[in-house]
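Visitor: Sequence plus the predicted model coming up.
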Amino acid sequence: MQKSKSDIHELLKSHFGYDGFRLNQQAIIESIMSGQDTLAIMPTGGGKSICYQLPALALDGVTVVISPLISLMQDQVTGLSENGIEAVYLNSSLNFDERKQAQEKLESGQAKIVYMAPEGVLNPNQVSFLRELDVALFAIDEAHCVSQWGHEFRQDYRRLFELREVFPKVPFLALTATADEKTRDDICAQLRLNKPNIFISSFDRANIRYSIQERESEIVQLEQFIRANHQDQCGIVYCLSRKKVEKVATELQRLGFNAVPYHAGLPKRTRERNQRRFDVEENLIVVATIAFGMGIDRPDVRFVAHLDLPKSIEGYYQETGRAGRDGEASQAWMIYGLADVVKLSQMLEQTDADPKYKKHAREKLNQMLGLCESLTCRRHYLLDYFGEDSPKECGNCDACLEPQDQWDATKEGQMLFSAIYRTGQSFGAGHVIDVLRGSKSAKIKERRHDQLSVYGIGQSLSKTDWNRIIRQCLTLGYIRITDWDYRSLGLTELCRPILRGEDTLMLKKMKSSMKAINRKKAPSTVHLDHGEDDLFARLRALRLELAKEKGIPPYMIFSDKSLHDMCAIKPENSDQMLMVHGVGQSKLDAYGSKFLDEIKQGASS
Ligand code: ADP
Ligand code: ZN
């Protein structure tokens with residue numbers, strides 16, 4: 001039986017407590033409800049789950065959700081149950097009885113959603129079990145795993161089209177956050193989608209504020225950033241190496257933060273424990289390599305900090321996208337410096353990969369560096385990279401909030417290029433800077449570099465300043481690294497007009513990155529006055545208590561946004577409580593009275 005538009009809105013409100021659809025959700029849902037194959041592309045945090053959870057409620061029969069992550073299935077099922085939706089999963093973690101119980105729930109119609117791993121769904125026993133059920137929809141999550149072009153290819157995904165042959169009439173919904181065209185075409189082809197409706201949502205994550213600073217003292221900068229903006233909140237700090245992950249986690253603990261490390265080299269038990277803590281502790285900071293990634297579903301991650309440069313914009317966007325899935329104000333903060341540029345280029349050049357791959361990887365890295373060095377809106381740069389039009393200024397990134405000036409660095413450029421040239425284009429940045437600053441080191445004397453005309457001509461600038469100039473000249477292509485073992489610097493053709501004084505060299509103004517933006521609070525969608533702050537804290541404490549009682553993550557009870565909304569609306573009865581974002585009937589029944597009591601107490605005190 002077909003449901004009408006108002007039914008869909010009704011379900012969104014009554015089960016999820018939301019007032020409206022986001023992005024293309026509604027169009028995607030309508031496409032599925034009309035029986036069409038559908039491909040939905042939405043950024044991380046865009047709200048893909050509702051695109052199949054809601055049709056599952058509205059359609060007769062069972063919705064089969066194929067997901068690569070067994071570890072997430074339990075969370076999904078718990079989350080749905082909090083919204084009064086019965087779902088089950090069938091995977092290798094279940095014992096005989098549990099499996100039987102889940103199957104019975106599906107057979108009796110008690111559960112309308114089943115999560116399965118790709119290998120499980122193709123198992124002949126499962127296929128015959130599904131045939132007995134009335135399958136309404138196959139939803140294939142992380143659908144880019146079907147494509148070799150994607151970065152997370154899975155062999156089992158390749159076979160999913162076989163389901164088509166068994167269930168020719170059941171529509172397929174493929175969902176992914178990977179936007180490039182090759183992957184998109186591949187998904188349609190591999191899954192044999194039949195004239196699919198394709199929906200590509202905007203990649204803009206308006207609630208995320210982007211800022212990128214120069215590295216000065218990374219722990220000090222990180223500490224300042226967290227204390228000023230994210231005290232007692234949940235965040236992820238990404239580092240390139242395992243060693244650094246452990247070092248930074250220890251430093252943060254020493255500074256009094258609730259921080260844990262996460263990387264693939266840790267014992268499985270420790271990793272699982274830390275992952276678990278991440279799910280339930282409200283103020284946890286996870287310091288991690290990119291091994292901590294897929295499977296982060298927590299909606300209230302308030303910041304993602306990068307202490308090392310990602311290798312590509314895709315990586316950066318995916319990682320930063322883990323912040324603020326709940327739509328609340330969040331930050332993506334990164335620091336970088338000359339060392340990153342050199343280290344990443346070196347790693348790239350010294351791999352045995354074939355030249356075509358290297359060229360591709362080098363382009364990706366250059367685009368990433370371009371983002372860092374950009375003087376204009378970061379969001380515009382990012383969206384442009386993904387082929388999307390957007391305003392020239394977003395008003396919510398460091399470049400828009402604190403525009404950086406350029407300065408004429410022609411004279412300094414000439415000094416630097418001359419120093420590189422006169423020392424034979426065979427020394428690294430450290431030595432070149434020593435020459436410019438007139439260092440008395442033994443190495444300088446030995447090489448008689450104190451005899452050169454360029455010796456000491458750059459004394460007025462600090463080492464850090466020269467490092468910045470070198471970094472910018474490297475990314476802008478004026479100089480390059482000529483020997484990867486010694487990281488020696490050499491000149492490129494671009495230097496010539498500068499040295500001759502025929503062209504000017506414009507660089508980003510140097511100012512300390514320990515700057516005001518650190519102290520500027522992230523914009524909040526609601527402004528709490530003092531009394532509301534107190535109420536928010538009490539509601540948060542109540543949420544934590546209930547979460548502990550039930551053994552589920554606090555965010556599954558209510559999101560931060562719901563609590564903020566309660567502070568603003570101050571509901572006095574159930575009807576008013578239902579107006580709060582994220583409060584549907586099921587949550588009202590389960591928690592409404594407790595939260596209403598807490599709000600009432602605040603009002604009378
Ligand atoms: P992803 O696209 O990354 O899978 P999710 O489905 O996990 O995103 O959704 C991210 C968050 O957004 C969740 O907390 C979800 O409840 C919330 N959300 C989804 N749709 C809406 C909506 N229409 N209104 C408000 N919040 C929504
Ligand atoms: Zn901007």
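Guide: Received, thanks. Ligands and ions are numbered 1, 2, ... in the order given.
Visitor: Which residues of the chain lie near ligand 1?
Guide: By CB under 6 Å from any ligand atom, the residues of the chain that approach ligand 1 are 18, 21-22, 25, 42, 44-50, 299, 325-327. Glycine gets a C-beta too; all of them are placed from N, C-alpha and C.
Visitor: Pull out the buried members of those.
Guide: Neighbour counting with 16 or more other CB atoms under 10 Å marks 18, 21, 25, 42, 44-50, 299, 325-327 as buried within those.
Visitor: just the helices in the stretch 1-150 of the chain please.
Guide: Taking DSSP state H, counting those that start in this stretch as the test, the helices found in the stretch 1-150 of the chain are 5-11, 25-33, 49-58, 70-82, 96-107, 118-121, 124-132.
Visitor: Could you tell me the angle between the longest one and helix 96-107?
Guide: Orientation of helix 70-82 against helix 96-107 (axes from the mean of the first three to the mean of the last three CA atoms, to 10 degrees) gives an angle of 50 degrees.
Visitor: The closest residue to residue 566 other than its chain neighbours and ligand 1, how far apart?
Guide: Once flanking residues are discounted, residue 566 sits nearest to residue 580: 5.6 Å by CB to CB, 6 or more residues apart in numbering. According to CB to the nearest ligand atom, to the nearest Å, residue 580 stands 12 Å off from ligand 1.
Visitor: What about residue 580, how many residues nearby?
Guide: Residues near residue 580, counting by other CB atoms under 10 Å, number 24.
Visitor: List the residues that contact it.
Guide: 17, 562, 565-566, 569, 571 (CB atoms under 8 Å, 6 or more residues apart in numbering).
Visitor: Among those, name the ones in helices.
Guide: Cross-referencing those against helices under DSSP state H gives 562, 565-566, 569.
Visitor: picking up where we left off before, adding mean pLDDT and distance to ligand 2 as columns, could you present the helices of the stretch 1-150 of the chain in a markdown table?
Guide: Below are the helices of the stretch 1-150 of the chain laid out as a markdown table (pLDDT from 0 to 100; distance: least, CB to the ion, whole Å):
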| stretch | mean pLDDT | distance to ligand 2 |
| --- | --- | --- |
| helix 5-11 | 84 | 33 |
| helix 25-33 | 96 | 26 |
| helix 49-58 | 96 | 29 |
| helix 70-82 | 90 | 33 |
| helix 96-107 | 96 | 48 |
| helix 118-121 | 91 | 39 |
| helix 124-132 | 94 | 48 |
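Visitor: Next, format these as TSV and append distance to residue 342.
Guide: Shown next, in TSV, are these (distance: least, CB to CB, whole Å):
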stretch	distance to residue 342
helix 5-11	54
helix 25-33	44
helix 49-58	42
helix 70-82	37
helix 96-107	53
helix 118-121	41
helix 124-132	52
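Visitor: Just tell me which of the ones you listed ends up closest to residue 244.
Guide: Closest to residue 244 of those is helix 70-82 (CB to CB; 25.5 Å).
Visitor: Next, the buried residues of the closest one.
Guide: Buried, per 16+ other CB under 10 Å, within helix 70-82: 70, 72-73, 75-77, 79-80, 82.
Visitor: Can you get me a residue count around residue 162?
Guide: 13.
Visitor: now residue 363
Guide: 11.
Visitor: circling back to that earlier point, may I ask which of the ones in helices among the contacts of residue 580 has the most neighbours?
Guide: Neighbour-wise, the ones in helices among the contacts of residue 580 (other CB under 10 Å) top out at residue 566, 25 neighbours.
Visitor: buried ones in the helix or strand hosting residue 556?
Guide: Residue 556 is part of helix 554-557, with elements assigned from DSSP states H and E. If you call a residue buried by 16+ other CB under 10 Å, then helix 554-557 has these buried ones: 554-557.
Visitor: which of the residues of the chain next to ligand 1 lies closest to residue 319?
Guide: residue 44 (9.2 Å).
Visitor: wait, what's in contact with that closest one?
Guide: Residue 44 sits next to 177, 318, 321-322, 325 when contact means CB under 8 Å, 6+ apart.
Visitor: thinking again about what came up before, between the buried ones among the residues of the chain next to ligand 1, which is nearest residue 493?
Guide: Nearest member of those to residue 493, counting by CB to CB, is residue 44, at 40.9 Å.
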